[in-house]
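>>> need a 3D model of the sequence below.
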Amino acid sequence: MTEIGSLTTEASNPRTTALDSMPIDELLRTMNAEDSRVASAVAQAIPEISQAVELIVAARRRGGRLIYVGAGTSGRLGVLDAVECPPTFGTDPGEVLGIIAGGPNAFLRAVEGAEDDPALAAADLSAIALTSDDVIVALAASGRTPYAIGALRHGRSIGAATVAISCNRNAEASTFADVGIEIDTGPEVLTGSTRLKAGTAQKMVCNMLSTAAMVRAGKVYGNLMVDVRPTNAKLVDRARRIIAEATGADPATAAALLDAADGHVKTAIVMRLAGVDASKAHALLQDADGWVRDAVHH
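Numbering: from 1, shown residues only. Have a look, this model is predicted:
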């Protein structure tokens, strides 16, 4: 295993050696300057991120799940992305999962030592009945976390697709994955604090993976989140605005369409654009595998 002291994410940043004596304004500008490097680092890994999206799309088409796995900050970021998918894309809570070393309680409070046990990852994946149809995305800023590597090895052993997201080059985790995404974010402002640039990079990659995969699943029309679930007042308002923007309807008409479609945004849009009732719109969507554009131009 790679020595942790040799990792870029553990190195001291020469631009922040006087961090403790900087005026607040200078400290914040320094942090901001370091953060500005993250997007370009992520951009360099887009070919690998694209390959990972293809694996996720293929897994979902065969009924498989997207499963994020990680420890500490990395695990929390995976959970965060997973729990946002149902309200944003109308997915079932079981379609995208986030597993964190130490269990759900570890999201709020660190569970010491959980990340050091690769067998724990295998047990956690067995507990959700991992199958060869699923895809595992293991997150580890260091690229060497035993829990993350254990998840990748277990996934591989049963034929699941595997993706590793690391923030060091030549990451050990990549050798256990079908696709290794390595984001070279460099030394942190606060030495070794990978909740900073490394965490930001991992969040950006998770955003890309889930959003691109859901776009490819027909859950977006134009750039509108047409599978949003209007489960509260804010989301009802958003759903109405989405219908209005997609169809050119005035606010009152958009609200009436949403009601007639029993709160289903896609149905409401197809009703308006195809000039059909809710039942026909629903049938058109089913025939089009949920793609609004195809349903409208049936």
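
>>> low-confidence stretches in this protein?
1-5, 112 (pLDDT under 70).

>>> where exactly do the helices run in it?
Along the chain, the stretches classed as helices by DSSP state H are 24-35, 38-43, 46-61, 72-89, 118-127, 146-157, 197-215, 233-247, 251-260, 265-274, 278-287, 292-296.

>>> make JSON lines from these and add distance to residue 95 and mean neighbour count to it.
Any C-beta I mention is one placed from the backbone N, CA and C, and that applies to glycine too. Formatted as JSON lines, the helices of the chain follow (distance: least, Cβ to Cβ, whole Å; neighbours: other Cβ atoms under 10 Å):
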{"stretch": "helix 24-35", "distance to residue 95": "31", "mean neighbour count": "13"}
{"stretch": "helix 38-43", "distance to residue 95": "25", "mean neighbour count": "16"}
{"stretch": "helix 46-61", "distance to residue 95": "7", "mean neighbour count": "18"}
{"stretch": "helix 72-89", "distance to residue 95": "7", "mean neighbour count": "22"}
{"stretch": "helix 118-127", "distance to residue 95": "16", "mean neighbour count": "17"}
{"stretch": "helix 146-157", "distance to residue 95": "17", "mean neighbour count": "24"}
{"stretch": "helix 197-215", "distance to residue 95": "10", "mean neighbour count": "22"}
{"stretch": "helix 233-247", "distance to residue 95": "19", "mean neighbour count": "18"}
{"stretch": "helix 251-260", "distance to residue 95": "24", "mean neighbour count": "17"}
{"stretch": "helix 265-274", "distance to residue 95": "17", "mean neighbour count": "26"}
{"stretch": "helix 278-287", "distance to residue 95": "18", "mean neighbour count": "17"}
{"stretch": "helix 292-296", "distance to residue 95": "19", "mean neighbour count": "21"}
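
>>> out of these, flag the one nearest residue 165.
helix 197-215 (5.4 Å; Cβ to Cβ).

>>> quick one, the closest one and helix 46-61 angle?
50 degrees (axes from the mean of the first three to the mean of the last three Cα atoms, to 10 degrees).

>>> got the CA coordinates for helix 197-215 in PDB?
Extracted C-alpha coordinates of helix 197-215, given in PDB (Å, rounded to 0.1, in the frame of the first residue of the first chain):
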ATOM      1  CA  LYS A 197     -10.200  20.900  -2.400                       C
ATOM      2  CA  ALA A 198     -10.400  17.100  -2.500                       C
ATOM      3  CA  GLY A 199     -13.900  17.200  -1.100                       C
ATOM      4  CA  THR A 200     -14.900  19.800  -3.600                       C
ATOM      5  CA  ALA A 201     -13.500  17.800  -6.500                       C
ATOM      6  CA  GLN A 202     -15.300  14.700  -5.400                       C
ATOM      7  CA  LYS A 203     -18.600  16.600  -5.100                       C
ATOM      8  CA  MET A 204     -18.100  18.000  -8.600                       C
ATOM      9  CA  VAL A 205     -17.500  14.500 -10.000                       C
ATOM     10  CA  CYS A 206     -20.600  13.100  -8.200                       C
ATOM     11  CA  ASN A 207     -22.600  15.900  -9.600                       C
ATOM     12  CA  MET A 208     -21.500  15.000 -13.100                       C
ATOM     13  CA  LEU A 209     -22.000  11.200 -12.700                       C
ATOM     14  CA  SER A 210     -25.600  11.400 -11.400                       C
ATOM     15  CA  THR A 211     -26.700  14.300 -13.500                       C
ATOM     16  CA  ALA A 212     -25.300  13.000 -16.800                       C
ATOM     17  CA  ALA A 213     -26.700   9.500 -16.100                       C
ATOM     18  CA  MET A 214     -30.200  10.900 -15.300                       C
ATOM     19  CA  VAL A 215     -30.100  13.000 -18.400                       C
END
